[in-house]
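Trainee: the following comprises the amino acid sequence and a computationally predicted model.
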Amino acid sequence: MARYRGPQSKIARKFREPIFGPDKALEKKNYPPGMHGLAKKRAKQSEYAVQLQEKQKAKYTYGILEKQFANIFDRASRAHGVTGEVLIQLIELRLDNTVYRLGIAPTRMAARQIVSHRHITVNGKVVNVPSYTLKVGDVVAVREKSKSLEVINNSIAASGRSFPWLDWNSDKNEGKLIAVPARSEVPENIKEQLIVELYSR
């Protein structure tokens, strides 16, 4: 399964946001990487550069590669509604992202691994495709054989997150998608309109 395997703190510093989760390096050095650090004077970015950076930030945040991201945008552009909002909604409805949102995994990267290793079921059937798109009413659960896994139990115990479009049942270790998330409910700091403008060039 293809995924980003490069340095995470460097990318987080580039965008000045903890896009991979809590990052001590970012806390200590909240400025772009490079040998000149804060002293380096940067020229004003072009409109294209700003748009491209926003797309890159979205890709790194959700752990999606270029071709996957382009395919999702194509689906969003053909769907009813505001393209940028639909784009974020389609990404949020991915199985790996939902596993992360439910607290079954501590990070999106861990969520992809848990899904690909067949620890997750959707409506009672094992699904090992991280990019699987969920529909309203789908139930995402930890596979019965996997409920004793320490990494999953630790993540669930530590998770204090809750989102209005997801309903978590702690007794069964399962969550239900009860609605498509509204853009205002998604906490990620992504300016999706810039991404739409980039692809519209």
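Mentor: Looks like it came in fine. Numbers count the residues shown, from 1 in each chain.

Trainee: tell me the secondary structure for Ala49?
Mentor: Counting by DSSP: H, G, I helix; E, B strand; the rest coil, the backbone at Ala49 sits in helix.

Trainee: quick check: closest non-adjacent residue to the residue positioned nearest the centre of the chain.
Mentor: By C-alpha atoms, centre = their mean, the chain has its centre lying nearest to Tyr62, at 2.8 Å. Leaving aside its chain neighbours, Tyr62 sits nearest to Ile91 (5.3 Å; criterion: C-beta to C-beta, 6 or more residues apart in numbering). For glycine as for every other residue, the C-beta is placed from the backbone atoms N, C-alpha and C.

Trainee: from Ser148, how far out is that neighbour?
Mentor: From Ile91 across to Ser148, the span is 31 Å (C-beta to C-beta, to the nearest Å).

Trainee: which one's more surrounded, these two?
Mentor: Using other C-beta atoms under 10 Å as the criterion, Ile91 and Ser148 rank with Ile91 on top: 25 against 9.

Trainee: what does the more buried one show for phi and psi?
Mentor: phi -70, psi -40 (degrees, to the nearest 10).

Trainee: thought Gly63 was touching it, still the case?
Mentor: No. Checked against C-beta atoms under 8 Å, the pair Ile91 and Gly63 is beyond contact range at 10.0 Å.

Trainee: for this structure, give me the ranges with low pLDDT.
Mentor: In the predicted model, the chain carries pLDDT under 70 at residues 1-43.

Trainee: can you pull out the helices in the chain?
Mentor: According to DSSP state H, the chain carries its helices in the segments 8-15, 24-28, 47-62, 66-78, 83-92, 95-101, 108-116, 150-158, 192-199.

Trainee: what's the closest of those helices to Thr133?
Mentor: helix 83-92 (6.8 Å; C-beta to C-beta).

Trainee: just how off-centre is that closest one within its chain?
Mentor: Relative to its chain's centre, helix 83-92 lies at 12 Å (C-alpha atoms, centre = their mean, to the nearest Å).

Trainee: Ala110 against Val151, yeah?
Mentor: Yes. Contact criterion C-beta under 8 Å: Ala110 and Val151 qualify, at 7.1 Å.

Trainee: neighbour count: those two, which is higher?
Mentor: Taking neighbours as other C-beta under 10 Å, Ala110 and Val151 compare with Ala110 leading, 18 against 15.

Trainee: so who does the more buried one touch?
Mentor: By C-beta atoms under 8 Å, 6 or more residues apart in numbering, the contact set of Ala110 is 100, 151, 155.

Trainee: so who does Ala79 touch?
Mentor: 86, 90.

Trainee: rerun that using 7 Å as the cut-off
Mentor: Counting by C-beta atoms under 7 Å, 6 or more residues apart in numbering, Ala79 touches Val86.

Trainee: try the one 10 residues further on
Mentor: Gln89 makes contact with 180-181, according to C-beta under 7 Å, 6+ apart.

Trainee: any idea how far it is from Glu66?
Mentor: With C-beta to C-beta as the criterion, Gln89 and Glu66 are 20 Å apart.
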